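In: Show me how the following folds:
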Amino acid sequence: MIFPQEVVSRLAEVVGEKQLLTHQDDKAWYTKGFRIGRGEALAVVLPESLLQLWQTLQVCVAHNAIVLMQASNTGVTGGSTPDGNDYDRDVIVISTRRLKGIHVIDDSRQAIAFPGTTLTELEQTLQPLGREPHSVIGSSCIGASVVGGICNNSGGSLIRRGPAFTEKSLFARIHDDGRLELVNHLGIDLGETPEQMIDALTQRRYTTGGHPDWQGKIWADDYADRLRDVDADTPARFNGDLRYLHDSSGSAGKVVVFAVRLPTFAASRGSETFYIGSSDEQELVALRRFLLTRMAQLPLQAEYIHRNAFDLTVRYAKHMYLAIRKLGPQSIPRLMANKARWDIGVRRARFLPANMVDRCLQLFNQVTPSFIAPRIMAWRDAWEHHLMIKVDVEQASELGALLKEFFSEHRGDFFHCSPREAADAFLVRFGVGGCTISYCDALGYDTNQRLVAFDVALRRNDDAWRLTLPPSLAAQVEVDSCCGHFFCFVNHQDYVLKAGVDAKAFKEAVKVYLEQRGAKYPAEHNVGHLYHASHEHVEHWKQLDPTNCCNPGIGKTSKKKFWAE
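Out: Coordinates of the predicted model:
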């Protein structure tokens, strides 16, 4: 018999007692999801080197423990935290937050990222080199890790580059006989043993280009062509798409990733943003088709906000976009962790409301102005639907002319943003991802009971954008928020339900509606513990993790060893 204390003692020998969390309050940040999900874990491990990560895995496998990998804990479907307390083995959460590292290789055309590296850190590393990463900060992944994006095939807001994907990674997997293996598919010769590979990688004792396995895709380079096919009756991208499932890519925590190899891209020499308003959804759908088929090159971004989402963000998530403006996106994970500790302190002081910190934040939000450029606020009053399109500076005149041509025959309007207006527009857009969470926190709602989120990939030829619920379902909604990557036709729809509504029944009814529209879900946030994974997705995971020791239960699958029912 394996005793839990034996596992804890061995882990402490590997990482040290300060890097091993066993007290309930210390574990709280790592065992509760950003939006939904909560469960128990025997311990949380914070390795400080890739070698410690490998040794931690050896202990977990030797003691028949579940391995649950976690990067920034910014996921919105609960996929990187325990889900309940019905696992058949002890759960060990391994946080990679301290495992940072970026190697820029191949004359800055590629980069190798370690597990704890965030998108913002990669972007800042590449900026002086005149390069930029595949993805940038997004509405729901402020502080998100590079590796987390790959594991989830995250979509992101950059139109030309498609979902996060690579065939090149260094990862550990557990075979059906219980053997732990470190698999080197980076396309770089790092040696034979795990220790040799880890040492060579961390010390940069390697060369690139001469390894026989260096060939392979490192991004979805056909995505732009797929997007321009506006008559196709399938979505452009979605989680579980077999084209983007390969080793670490789309693995959803079923393997343990040590490093990924990714492309970099020439940085834009400058960008311009156009802000578009309309009160006719069909008008925007027509504009999407018009621009996708007429523009010589696709825009950089095309982001949508509904007026409801705009209002919720300015009222309830103002503190978030102001923090990004003042302190930068890299500050958000630290601020979120601090807030989690403050919440714990408040709970200990039983004379204070449990949501005291949120009440203080919302008091600030309520009594302060929007801090958003006046013309954008005026556009909010005038139009229901808001679209911001960012292009390379060289494309600005073309896009301006096309918008002028389109709106000469339609009722909407547009303006060319100043730098301040462009920055504010995208700050609001990025704040939308947390607005319903802040709303629930302010009112003391349990997000597991009241908040239902949909991450939907619509057909490329769909003639509608919004999710139009039947009256019986719409009557169950207290507030809703809609944003999305408009040219990709990826819709993020949140519903805060009225008290007493059966959230599970509501969600199942909406899913029937989505399937009737030919939509795929989730589009880019991965299945987590909210969605049922497709048969193909599950079969891919079973090949990666036949023992079901890594993140069991993901995608509504079995939590039992060897995938037992």
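In: Was I right to think V391 contacts L300?
Out: Yes - proximity of V391 to L300 meets the contact threshold set by C-beta atoms under 8 Å, at 6.0 Å. Backbone N, C-alpha and C define where each C-beta goes, glycine included.
In: Compare the two (neighbour count), which wins?
Out: V391 (24 against 20; other C-beta atoms under 10 Å).
In: residue contacts, the more buried one?
Out: 271-274, 299-300, 398-399 (C-beta atoms under 8 Å, 6 or more residues apart in numbering).
In: Among these, name the buried ones.
Out: Neighbour counting by 16 or more other C-beta atoms under 10 Å classes 271-274, 299-300, 399 among those as buried.
In: Dump those residues into CSV; add secondary structure as well.
Out: Formatted as CSV, the buried ones among the contacts of V391 follow (DSSP: H, G, I helix; E, B strand; the rest coil):
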residue, secondary structure
S271, strand
E272, strand
T273, strand
F274, strand
P299, coil
L300, coil
L399, helix
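In: And the lowest-mean-pLDDT helix or strand in the chain, what's buried?
Out: Least confident helix or strand, the chain: helix 332-348 with a mean of 73, by mean pLDDT, DSSP states H and E. Residues 332-333, 335-337, 339-340, 343, 346 are the ones in helix 332-348 that count as buried (16+ other C-beta under 10 Å).
In: same deal with stretch 165-179?
Out: For stretch 165-179, the neighbour count (16+ other C-beta under 10 Å) marks 165-174 as buried.
In: wait, which of those residues is closest to R261?
Out: Nearest to R261 among the buried residues of stretch 165-179: K168, at 3.6 Å, using C-beta to C-beta.
In: residues contacting the closest one?
Out: Neighbours of K168 in contact, by C-beta under 8 Å, 6+ apart: 185-187, 216, 218, 260-262.
In: Now, those that are in strands?
Out: Counted as lying in strands by DSSP state E, out of these, are 260-262.
In: Where neighbours are concerned, which of those has the most?
Out: V260 (30 neighbours).
In: For L287, see how far away the residue nearest to it when sequence neighbours are not counted is.
Out: Leaving out its chain neighbours, the residue that sits closest to V260 by C-beta to C-beta, 6 or more residues apart in numbering is S169, at 4.6 Å. Distance of S169 to L287, computed by C-beta to C-beta, to the nearest Å: 39 Å.
In: Y495: which element?
Out: In the assignment (DSSP states H and E), Y495 maps to strand 490-497.
In: Please pull up the helix or strand immediately following that strand.
Out: Going down the chain from strand 490-497, the next helix or strand is helix 503-516, by DSSP H and E.
In: Tell me where the stretch 51-200 of the chain has strands.
Out: For the stretch 51-200 of the chain, the strands defined by DSSP state E, counting those that start in this stretch occupy 66-70, 91-95, 102-105, 110-113, 131-132, 169-174, 180-184.
In: which residues sit in contact with Q215?
Out: G187.
In: pLDDT weak spots in the stretch 51-200 of the chain?
Out: Residue ranges of the stretch 51-200 of the chain with pLDDT under 70: 137-143.
In: now the helices: where do they sit in it?
Out: Along the stretch 51-200 of the chain, the stretches classed as helices by DSSP state H, counting those that start in this stretch are 119-126, 146-151, 194-202.
In: Quick one: residues in contact with the shortest one.
Out: Read that as helix 146-151. Contacts with helix 146-151, where a contact means C-beta under 8 Å, 6+ apart, come from 71-72, 74-75, 80, 96, 113-115, 117-119, 122, 133, 135, 141, 154, 156, 164-166, 169, 248-253, 257, 259-260, 262, 526.
In: picking that back up, strand partners (parallel or antiparallel) of the strand holding Y495?
Out: Strand 490-497 has its sheet partners listed here by DSSP bridges as strand 451-457 (antiparallel), strand 477-485 (antiparallel).
In: Please produce JSON lines containing the ones you listed, extended by mean pLDDT and distance to A564.
Out: Below are the strands paired with strand 490-497 laid out as JSON lines (pLDDT from 0 to 100; distance: least, C-beta to C-beta, whole Å):
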{"stretch": "strand 451-457", "mean pLDDT": "94", "distance to A564": "30"}
{"stretch": "strand 477-485", "mean pLDDT": "97", "distance to A564": "39"}
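In: export those strands to a markdown table and tack on distance to L544?
Out: Below are the strands paired with strand 490-497 laid out as a markdown table (distance: least, C-beta to C-beta, whole Å):
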| stretch | distance to L544 |
| --- | --- |
| strand 451-457 | 23 |
| strand 477-485 | 28 |
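In: quick one: which of those is nearest N85?
Out: That would be strand 451-457 among the strands paired with strand 490-497, by C-beta to C-beta, at 21.5 Å.
In: need the next SSE after that closest one, C-terminal direction.
Out: helix 471-474.
In: Quick one: neighbours of the closest residue to G400 other than its chain neighbours, just the number.
Out: Of all residues not flanking G400 in the chain, H416 sits nearest, at 6.4 Å (C-beta to C-beta, 6+ apart). Residues contacting H416 under the criterion other C-beta under 10 Å number 14.
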